[in-house]
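A.B. asks: Can you look at this prediction? I've put the sequence above it.
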Amino acid sequence: MGEPNAKPADATDAQLIARWQRGDQRAAAALVERHAKPLARFAASLGARDEVEELVQDTFVRAFGALETFRSDSSLRTWLFTICKRLMLDRRRSERRRRDKVELEEEHAVVEFDALDGMVGDETAQRVRDAMERLSPLQRQVFTLRVTEGLPYGEIAGLVESTEGACRVHYHNAIKSIKEYLSDD
Amino acid sequence: MTDCLNDQMRDQLPLLALGALSGADEVAVRAHVATCASCRAELEAIGHSRRVLDAVAPAVDVATIVAALPAPHLRVVAPDHTAVQPKPGRAPWMTRSYLAAAASLLIVASLASPYLMRMGDGPKGAGVPDSSVSVVPRGATSTVPTATTVSSTPAPASTALAVDGGLSDISDDDLRTLLAELESLEATIAVEPATIRAPIVEGSGTF
Ligand SMILES: [Zn+2]
């Protein structure tokens, strides 16, 4: 383990957690600063739209309330993603109950990827966006986790409740599709 | 363009794009990309995808989130968060530095006692954790706990430990006796903080 009194930005997650547990609010701010954006990206890949910010906040509140149970054999970020996904599924379930709709397969509950709707971009970005909208939710999640976080397939498999081999295939299909959209003339 | 058949290299492209490769791995992947048009195109697609995925994720207000966090359950943690391994026959924290700290605490408490007696029962400072040091002689049975608590109204742990004058009055012999007595004691540091108020701002911001 590195320097225990390192600046918040240089400290490891474990060091920051320990500092927060001793009452250091700056450590909490550093942890949130470090993981908020990746969590927002992940929430968006799950199909969250207007609720991304709320979902990210709820994830942190839950996580900090249960940090005692966090085991550092997995990364804090992956643990946060797991909490975020559970919260998202809970939301979708209660929405479904409210709408009194037929129970859907969880995997298909987040089929929309309208998060890109409001995005203004150049033609290349538009093509990538078109390609991503056509990916399955699972492909999109795997692709996002691999491309934006560089997570190993083993950890991705745990998060999306699939196998390492299947995740590898999902990633390769996704990148193939995006490459095709980009090279279309 | 046909897809590259080198899956091992292709798998590493997202990591290369993130700057997460180093050393021989990075050199190998870069060398492959330099000679493989398919991987160059893939690397470019990964870059565009990251840009789009970044833009999709809205900015989140760190301050709002931090304000909403629950207060930590304060606990005594070793400074470097390294678990302190207990040694057989001795409480894990019973090290020289803790003994020295405990000795200092007792001396300061003894010196302060006449002053504190004069102060009477003044109000406790707000927000000050209710900390106390309990000193339990080794060998005391559980049915007869002879714990002595050193707190804001201190009493000497024993007559041998009483120091009635200033620090300059302690002879080397007294100090040795004091440390020897401390060595023979089992002690428990109990830090039970009063509720710590974190700046929780419920119902503010977007909620
Ligand atoms: Zn290649």
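C.D. replies: Sure, I can see it.

A.B. asks: what's near enough to touch the residue nearest the centre of chain A?
C.D. replies: The centroid of chain A falls nearest to A:Phe42 when counting by Cα atoms, centre = their mean (2.2 Å). Under the criterion of Cβ atoms under 8 Å, 6 or more residues apart in numbering or on different chains, the contact list for A:Phe42 reads A:81, A:84-85, A:141, A:144-145, A:149. For the C-beta atoms, the positions are set from N, CA and C on the backbone; glycine is no exception.

A.B. asks: just B:Val60 next, same as before
C.D. replies: A:36-37, A:39-40, A:52-53, A:56-57.

A.B. asks: quick one: low-confidence parts of chain A?
C.D. replies: Filtered on pLDDT under 70, chain A yields the residue ranges A:1-5, A:100-121, A:185.

A.B. asks: let's see 50
C.D. replies: Scanning chain A with the threshold set as pLDDT under 50 gives A:1-2, A:104-112, A:118, A:120.

A.B. asks: anything in whichever helix in it runs longest near chain B?
C.D. replies: Criterion DSSP state H: the longest helix present in chain A is helix A:76-99. No. On the criterion Cβ under 8 Å from any Cβ of the partner chain, helix A:76-99 is out of touch with chain B, staying 11.9 Å away.

A.B. asks: What is the neighbour count of A:Ser183?
C.D. replies: A:Ser183 has 11 neighbouring residues, counting by other Cβ atoms under 10 Å in any protein chain shown.

A.B. asks: okay but it is in contact with B:Met1, surely?
C.D. replies: Yes. With contact defined as Cβ atoms under 8 Å, A:Ser183 counts as touching B:Met1 (7.5 Å).

A.B. asks: joint contacts of those two?
C.D. replies: With contacts taken as Cβ under 8 Å, 6+ apart, the residues that reach both A:Ser183 and B:Met1 are B:Ala41.

A.B. asks: What residues does chain B have near the ion?
C.D. replies: Residues of chain B found near the ion (Cβ under 5 Å from the ion) are B:4, B:6, B:36, B:39.

A.B. asks: Looking at the first one now. What's its pLDDT?
C.D. replies: Predicted confidence (pLDDT) for B:Cys4: 93.

A.B. asks: Once you drop chain neighbours, what's closest to it?
C.D. replies: B:Ser38 (4.0 Å; Cβ to Cβ, 6 or more residues apart in numbering or on different chains).

A.B. asks: Next, the contact list for the one you found, please.
C.D. replies: B:Ser38 makes contacts with B:1-4, as judged by Cβ under 8 Å, 6+ apart.

A.B. asks: what helix or strand does it sit in?
C.D. replies: If you go by DSSP states H and E, B:Ser38 is part of helix B:37-56.

A.B. asks: Check which residues of that helix are buried.
C.D. replies: B:38-43, B:45-46, B:48-50, B:52-53, B:55-56 (16 or more other Cβ atoms under 10 Å in any protein chain shown).

A.B. asks: immediately after that helix, which helix or strand?
C.D. replies: Remark: after helix B:37-56, the chain's next helix or strand is helix B:62-68, criterion DSSP H and E.

A.B. asks: buried subset of the contacts of B:Ser38?
C.D. replies: By 16+ other Cβ under 10 Å, the contacts of B:Ser38 give B:Cys4 as buried.
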